[in-house]
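Participant: Fold the stuff below for me.
(chains A and B)
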2 protein chains.
Amino acid sequence: MKSAHRRRTSSDQISELTTNRLSVYLRCLSELDIAGVQTVSSQSLAEQFRLNAAQIRKDLAYFGEFGVRGVGYYVRDLKRHIRQILGLDKSLRVGIIGAGNLGLALADYQGFKNEGFEIVALFDASVSKVGQQSKGGVPIYGMRDLKRLGKRVDIAVIAVPVTSAQVVADHVVSLGIKAILNFTPASLTVPPNVKVKSVDFTVSLESLSFYLANEAEA
Amino acid sequence: MKSAHRRRTSSDQISELTTNRLSVYLRCLSELDIAGVQTVSSQSLAEQFRLNAAQIRKDLAYFGEFGVRGVGYYVRDLKRHIRQILGLDKSLRVGIIGAGNLGLALADYQGFKNEGFEIVALFDASVSKVGQQSKGGVPIYGMRDLKRLGKRVDIAVIAVPVTSAQVVADHVVSLGIKAILNFTPASLTVPPNVKVKSVDFTVSLESLSFYLANEAEA
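Facilitator: Prediction:
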């Protein structure tokens, strides 16, 4: 029973916090792998990257991954396993709606390529941008091309002005796209079978503001 | 004793998760305020914005904020109180290092202005960009101007290529800036009295990847 439970990884059961931590572990393991490190203990991983060793063990045990006594984890094996859990063993295709500064920056964002995401296209409503491309070579299509090319897109990134965000989201959903990364401050309404993840830069800035306010007092 | 404890808000005691939630509450309250709503219960706040009512009550009680029985919270009062806790009652000045697509997008990011952050300047190493400005009118200075203008900056946003990130961070720290928002994949080394907050878009994309992988199986 316990083992069966561990293998159940429906997204309802595993909190977003856990998947976020897995992403962080993956980033750390990649650094170690590049540095030629072959094995790592949870303790050492925690110390090097300022993480919580008990939390690491708990998170990984949930997915049936156990360290080897006296050795720790095999870096490459663990990396491969986490990539598999996160669905990164399949290449996912990303379309970016909005070819403004943010859209263009995201199209060439190195981190996406490093993790195997393929940025297939930018889409923009401005006729003057259509036919151009990002510095990194991602082509810019018109909004009407979205219908045709949308079938090739697994994840839609919304980087348009906030006033167009819901309209674009509705369009994306109508094309059967099931995952949206929203960079606008709009809170998007989508059907229950579509997952929206919003990135709000203000939250990060406010966490720094809190730090400054309380350090000044201390 | 209990009341004194509630008023202690050093950043060591309050987790980043709590401040992130406060940011979210603030965003919700602003929406309600704009819609003309004057009072809201934790239950109603939770339902409207898909939050956890018990968590809201716990978070707010920690800061000595209690709802009024039968009324809930006064929207504007609570908004003002949260802004104060987050240090948003003082205007903070932000300097952005790197005037590429990402830096330019951040300079004009509406959310920063809405929350009272003042984007005072962009800085870039490229001579051709110096003297220009973002679409929204934020001026671009050279890196050598950072020393002079850095005194006016409370928070430095780093949006340079990853290879320059640590050098820029060291420079920023040497100017006495105590808070850094890092948009590069580099893990920056700074003194203990400097707070770094990193934004990694890949983590958000991987959370969607996880969703797609597990929905497809389900």
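Participant: Tell me where chain A is predicted with low confidence.
Facilitator: For chain A, residues meeting the criterion pLDDT under 70 lie at A:1-14, A:216-218.
Participant: mind listing the strands for it?
Facilitator: Secondary structure of chain A (DSSP state E): strands at A:39-40, A:73-74, A:93-97, A:118-124, A:140-142, A:155-158, A:179-182, A:195-198.
Participant: List the contacts of stretch A:96-103.
Facilitator: Residues outside stretch A:96-103 that contact it (CB atoms under 8 Å, 6 or more residues apart in numbering or on different chains): A:106-107, A:119, A:121-124, A:126, A:129, A:132, A:134, A:138, A:140, A:143, A:146, A:156-161, A:168, A:172, A:183, B:101-102, B:104-105, B:108, B:135. Yep, even glycine has a C-beta here, placed from its N, CA and C like the rest.
Participant: What's the ChimeraX line that selects buried ones from those?
Facilitator: Selection of buried members from the contacts of stretch A:96-103 for ChimeraX, criterion 16 or more other CB atoms under 10 Å in any protein chain shown:
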select /A:106,107,119,121,122,123,124,129,134,138,140,143,146,156,157,158,159,160,168,172,183 /B:101,102,104,105,108
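Participant: Inside helices: which ones of the contacts of stretch A:96-103?
Facilitator: If you go by DSSP state H, these have A:106, A:107, A:146, A:168, A:172, B:101, B:102, B:104, B:105 in helices.
Participant: okay if I get those as a markdown table plus distance to residue B:112?
Facilitator: Formatted as a markdown table, those follow (distance: CB to CB, whole Å):
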| residue | distance to residue B:112 |
| --- | --- |
| A:106 | 18 |
| A:107 | 22 |
| A:146 | 29 |
| A:168 | 22 |
| A:172 | 26 |
| B:101 | 17 |
| B:102 | 14 |
| B:104 | 13 |
| B:105 | 11 |
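Participant: from the chain's centre, how far out does the lengthiest helix in chain A sit?
Facilitator: Secondary structure of chain A per DSSP H: the longest helix is helix A:16-34. Offset of helix A:16-34 from its chain centre (CA atoms, centre = their mean, to the nearest Å): 11 Å.
Participant: Then stretch A:80-97?
Facilitator: Distance of stretch A:80-97 from its chain centroid, counting by CA atoms, centre = their mean, is 9 Å.
Participant: Dump the C-alpha coordinates for that stretch into PDB.
Facilitator: The C-alpha atoms that make up stretch A:80-97 are tabulated as PDB, following Å, rounded to 0.1, in the frame of the first residue of the first chain:
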ATOM      1  CA  ARG A  80      17.000  12.000 -14.800                       C
ATOM      2  CA  HIS A  81      14.300  10.800 -12.400                       C
ATOM      3  CA  ILE A  82      13.300  14.300 -11.400                       C
ATOM      4  CA  ARG A  83      13.200  15.400 -15.100                       C
ATOM      5  CA  GLN A  84      10.800  12.400 -15.600                       C
ATOM      6  CA  ILE A  85       8.600  13.400 -12.700                       C
ATOM      7  CA  LEU A  86       8.400  16.900 -14.000                       C
ATOM      8  CA  GLY A  87       7.500  15.700 -17.500                       C
ATOM      9  CA  LEU A  88      10.700  17.100 -18.900                       C
ATOM     10  CA  ASP A  89      11.700  13.900 -20.600                       C
ATOM     11  CA  LYS A  90       9.300  14.800 -23.300                       C
ATOM     12  CA  SER A  91      10.100  18.000 -25.200                       C
ATOM     13  CA  LEU A  92       7.400  20.600 -24.700                       C
ATOM     14  CA  ARG A  93       6.600  23.300 -27.300                       C
ATOM     15  CA  VAL A  94       6.000  26.800 -26.100                       C
ATOM     16  CA  GLY A  95       4.200  29.600 -28.000                       C
ATOM     17  CA  ILE A  96       4.500  33.100 -26.700                       C
ATOM     18  CA  ILE A  97       1.700  35.600 -27.300                       C
END
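Participant: buried residues in that stretch?
Facilitator: By 16+ other CB under 10 Å, the buried positions in stretch A:80-97 come out as A:81, A:82, A:83, A:85, A:86, A:87, A:88, A:92, A:94, A:95, A:96, A:97.
Participant: Contact partners for the closest residue to residue A:81 other than its chain neighbours?
Facilitator: Leaving aside its sequence neighbours, residue A:81 sits nearest to residue A:65 (CB to CB, 6 or more residues apart in numbering or on different chains; 5.6 Å). Contacts for residue A:65 (CB under 8 Å, 6+ apart) come out as A:73, A:78, A:81.
Participant: if we can go back for a sec, closest to residue B:189 out of the strands of chain A?
Facilitator: With CB to CB as the criterion, residue B:189 lies closest to strand A:39-40 of the strands of chain A, at 19.9 Å.
Participant: Check whether the closest one comes near chain B.
Facilitator: No. Strand A:39-40 lies out of reach of chain B by CB under 8 Å from any CB of the partner chain, never closer than 15.9 Å.
Participant: Ok, stretch A:173-190 next?
Facilitator: Yes. Using CB under 8 Å from any CB, stretch A:173-190 reaches chain B at A:178, A:179, A:180, A:181, A:185, A:187.
Participant: now stretch A:194-211
Facilitator: Yes. Applying CB under 8 Å from any CB, one finds that stretch A:194-211 is in contact with chain B at A:195, A:197, A:199-211.
Participant: Could you write me a ChimeraX select line covering just the buried ones among those residues?
Facilitator: Command for ChimeraX that selects the buried part of the residues of stretch A:194-211 next to chain B, burial taken from 16+ other CB under 10 Å:
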select /A:195,197,199,200,201,202,203,204,205,206,207,208,209,210,211
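Participant: Out of the residues of stretch A:194-211 next to chain B, which is nearest to residue A:55?
Facilitator: Minimum distance to residue A:55 across the residues of stretch A:194-211 next to chain B is 20.1 Å, recorded for residue A:207 (CB to CB).
Participant: Any figure for the gap between that closest one and residue B:158?
Facilitator: To residue B:158, residue A:207 is 16 Å away according to CB to CB, to the nearest Å.
Participant: ditto for residue A:133
Facilitator: 26 Å.
Participant: Reformat the residues of stretch A:173-190 next to chain B as JSON lines; add distance to residue B:49.
Facilitator: Converted to JSON lines, those look like this (distance: CB to CB, whole Å):
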{"residue": "A:178", "distance to residue B:49": "23"}
{"residue": "A:179", "distance to residue B:49": "21"}
{"residue": "A:180", "distance to residue B:49": "18"}
{"residue": "A:181", "distance to residue B:49": "20"}
{"residue": "A:185", "distance to residue B:49": "14"}
{"residue": "A:187", "distance to residue B:49": "8"}
